[in-house]
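**Q** just coords:
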């Protein structure tokens, strides 16, 4: 069973190469190779087959070069190029009867595979696999017939078994792996596409809902303003309400724009301690109203690079949420930590906390832990601003114990040094 042993060894090498190709494709996130890339890998497989051929005589080489040619011709449409490469590679070993039989087999095969390629891809996966096996089996029979006429093998069972079983088996295994990988890739792409469509639908619904409310109110007051007998005092009051509602709608749009494409209007050095103190002063009345005591501990040093207004917007949202998470009062801790490379800002409350599901969905544009009272826009904007300022956010929370937000930003001095 000498030929069978060589063929099984050939097949094992092809499977190893296929495994390497699939791992490489997975790492590079590109399973759909170009024809050039496919040609290189398949040419390498053909070369491996030649290196480990079985030679019953000096003029004949028996191996599995048929497998990469069929796979490349049917699945990549490069049959003529691979068939030509096989003929050229075979010529390096001498121009004798074996070379001419190689031409008689692979020259028409390359043309046939090239013509079959468009029709082949119109078939369903199972039929493609069956067609690959049938074509391989036909060519294996032709190869055995040529072998019987030119170099009759000493062990006919060995030769017939090797050619009629191993090449179809190899084509089946490789084509099945290709179809399986292709199906997984299609499923992944469809899933990503569906998630994107769902996100767009939910985003559109959220925008529509949040803008419709202030616009409906504004339209109602505009209709009232059209009354001729409306007192001047009421007219001024209604105009103020209309202005406030339109500004509310504008703020919703601005929040979504900040989320989709956060831009820093003015890049400057931000003194973290100074700016957080300003945010605390703005929110002190809200904290007092909710019986929340603010405890601050700031590092003496600490500056970051970013947009001061966006920084205020970010931490106003976070600290306000922390205060609102303690409706019955509590403690709010705001701390900063300085190191040579980064600034850490920690905001901890003793509020109601969040479940693991709420924590996972935090920052989604259509999700809020406040129920119908919130839109999720605030935290959505927070995450976007932090990303735009090259920072990161980590959130820990436990129901009934509170939540901790930990923000990390590159130190301003460190950024200058690295630049």
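**A** Yes, it's here. Just so you know, these numbers come straight off a predicted model, no measurement behind them.

**Q** name the element the most centrally placed residue in the chain belongs to?
**A** Nearest to the geometric centre of the chain sits residue 192, at 8.0 Å (Cα atoms, centre = their mean). Element membership of residue 192 [criterion: DSSP states H and E] is helix 156-225.

**Q** what's the first helix or strand after that helix?
**A** Scanning forward in sequence from helix 156-225 by DSSP H and E, the next helix or strand is helix 232-260.

**Q** centre of the chain versus the next helix or strand after that following helix, how much separation?
**A** The helix or strand immediately downstream of helix 232-260 is strand 268-271, counting by DSSP H and E. Chain-centre distance of strand 268-271: 34 Å, with Cα atoms, centre = their mean, to the nearest Å.

**Q** just stretch 71-79 next, same as before
**A** For stretch 71-79, the distance to the chain centre is 28 Å (Cα atoms, centre = their mean).

**Q** what residues does it touch?
**A** 33, 35, 38-39, 42, 69, 81-83, 109-114, 116-118, 120, 128, 131-132, 135, 171, 174-175, 178 (Cβ atoms under 8 Å, 6 or more residues apart in numbering). Glycine gets a C-beta too; all of them are placed from N, C-alpha and C.

**Q** quick check, pLDDT for the residue nearest to the centre of the chain.
**A** For residue 192, the pLDDT comes out at 76.

**Q** how near is it to residue 182?
**A** For residue 192, the distance to residue 182 (Cβ to Cβ, to the nearest Å) stands at 16 Å.

**Q** quick revisit: compute the distance between the residue nearest to the centre of the chain and residue 82, please.
**A** 33 Å.

**Q** what about stretch 171-184, average pLDDT?
**A** Stretch 171-184 comes out at a mean pLDDT of 88.

**Q** can you give me the buried ones in that stretch?
**A** Using 16 or more other Cβ atoms under 10 Å as the test for burial, stretch 171-184 gives 171, 174, 175, 178, 179, 181.

**Q** roughly how far out does that stretch sit from the chain middle?
**A** 22 Å.

**Q** residue boundaries of the helices in this structure?
**A** 2-28, 35-51, 66-71, 79-91, 97-120, 125-150, 156-225, 232-260, 272-289, 308-324, 356-360, 377-388, 412-418 (DSSP state H).

**Q** coming back round to it: closest to residue 292 out of the buried residues of stretch 171-184?
**A** Closest approach to residue 292 among the buried residues of stretch 171-184 (Cβ to Cβ): residue 181, at 55.7 Å.

**Q** identify the residues contacting residue 218.
**A** Shown in contact with residue 218 (Cβ under 8 Å, 6+ apart): 241, 242, 245, 246, 249.

**Q** now do the same contact list for the residue nearest to it when sequence neighbours are not counted.
**A** In this structure, residue 218 finds its nearest non-sequential neighbour in residue 245, 4.2 Å apart by Cβ to Cβ, 6 or more residues apart in numbering. Applying Cβ under 8 Å, 6+ apart, we find residue 245 in contact with 214, 215, 217, 218, 221.

**Q** hmm, 10 Å instead?
**A** 213, 214, 215, 216, 217, 218, 219, 220, 221, 222 (Cβ atoms under 10 Å, 6 or more residues apart in numbering).

**Q** with adjacent residues omitted, what lies nearest to the last one?
**A** In space, residue 222 comes closest to residue 242 once its chain neighbours are excluded; the distance is 6.2 Å by Cβ to Cβ, 6+ apart.
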